[in-house]
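Student: heads up, no residue letters with this:
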């Protein structure tokens, strides 16, 4: 194993991936469209304009838009929504960059084994300038960052992972692992030909804060995690871990499969 490529929000920082959620809800609410949190989270991990486009294409959301405006949302509406979204997110993004529990220690362990640390994101390069600065101050700084702004397209396309491989000088892709918390992360990793691992606690798919995880009844939490795990596996995850600090165990399993000649 030569490198691990991590997602950012919901995987390594911003437990629960809450930074963009409230903004997505608000920009649609400003136009009289009430999204649910589940709808707002569904395309999470995509480039944020693509995320808004995906929300507009949802059957219920498109129906509400047509009821209010007499037509379906078009590209000009996506542009207008995104024009509202970006400055609103930039105002609050610095508040959502705390590394998730176990993330910094995991990176230290990986680097001690000579494993390189890459990263991809659904945020633009401008957004990540805020995130990387604050995360570095708190102890997290991967070797490489690639954003959708740097590539022809973001997730689920594999281009950001390919660019990580180039910048990290790692080949073949089967000796790299993609780790993330969303459906689009899983598709990105599989499309890039990488071993792909989903994370539950702290992730957008589970969608719970640390307090909610701590306070929730054990049986309800287990049920929610089981359903989230199913979604991540259906999207292509080779493995799903409960929390980021458990990645080491999965890497050992992958190494055994590699030694037996398996490829992702």
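Tutor: Perfect, I can see it now. Only a predicted model underlies this, so the values are computations on that prediction, with no experimental measurement involved. Residues are numbered from 1 along each chain as shown.

Student: could you check the pLDDT of the residue nearest the centre of the chain?
Tutor: Centroid check for the chain by C-alpha atoms, centre = their mean gives residue 45 as the closest residue, at 4.1 Å. Here the pLDDT value assigned to residue 45 is 88.

Student: may I have the phi/psi pair for it?
Tutor: Main-chain torsions, residue 45, degrees, to the nearest 10: phi 100, psi -20.

Student: do the same with residue 124
Tutor: The phi/psi pair for residue 124 (degrees, to the nearest 10) reads phi -80, psi 170.

Student: start at 40 instead
Tutor: Sure, I'll start numbering at 40, so the last one becomes residue 163.

Student: so it touches residue 187, yeah?
Tutor: Yes: contact criterion C-beta atoms under 8 Å: residue 163 and residue 187 qualify, at 6.7 Å. Yep, even glycine has a C-beta here, placed from its N, CA and C like the rest.

Student: who touches both of these two?
Tutor: Common neighbours of residue 163 and residue 187, counting by C-beta atoms under 8 Å, 6 or more residues apart in numbering, are residue 86.

Student: show me the strands in this protein, by range?
Tutor: Counting by DSSP state E, the chain has strands at residues 42-45, 155-158, 215-219, 234-238, 278-280.

Student: okay if I get these as CSV plus mean neighbour count and mean pLDDT?
Tutor: Below are those laid out as CSV (neighbours: other C-beta atoms under 10 Å; pLDDT from 0 to 100):
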stretch, mean neighbour count, mean pLDDT
strand 42-45, 27, 98
strand 155-158, 22, 98
strand 215-219, 30, 98
strand 234-238, 29, 98
strand 278-280, 21, 98
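
Student: nearest to residue 62, out of these?
Tutor: strand 215-219 (20.3 Å; C-beta to C-beta).

Student: which strands or helices does that closest one pack on?
Tutor: strand 42-45, helix 198-207, helix 222-230, strand 234-238, helix 286-298 (3 or more C-beta pairs under 8 Å, 6 or more residues apart in numbering; DSSP states H and E).

Student: ranking the ones you listed by burial, who's on top?
Tutor: strand 234-238 (a mean of 29; mean count of other C-beta atoms under 10 Å).

Student: adjacent strands (with direction) for that strand?
Tutor: strand 215-219 (parallel), strand 278-280 (parallel) (DSSP bridges).

Student: quick one: the first one to helix 286-298, angle?
Tutor: It stands for strand 215-219. Calculated by axes from the mean of the first three to the mean of the last three C-alpha atoms, to 10 degrees, strand 215-219 forms an angle of 140 degrees with helix 286-298.

Student: distance between strand 215-219 and the chain's centre?
Tutor: Centroid displacement of strand 215-219 relative to its chain, using C-alpha atoms, centre = their mean, to the nearest Å, is 11 Å.
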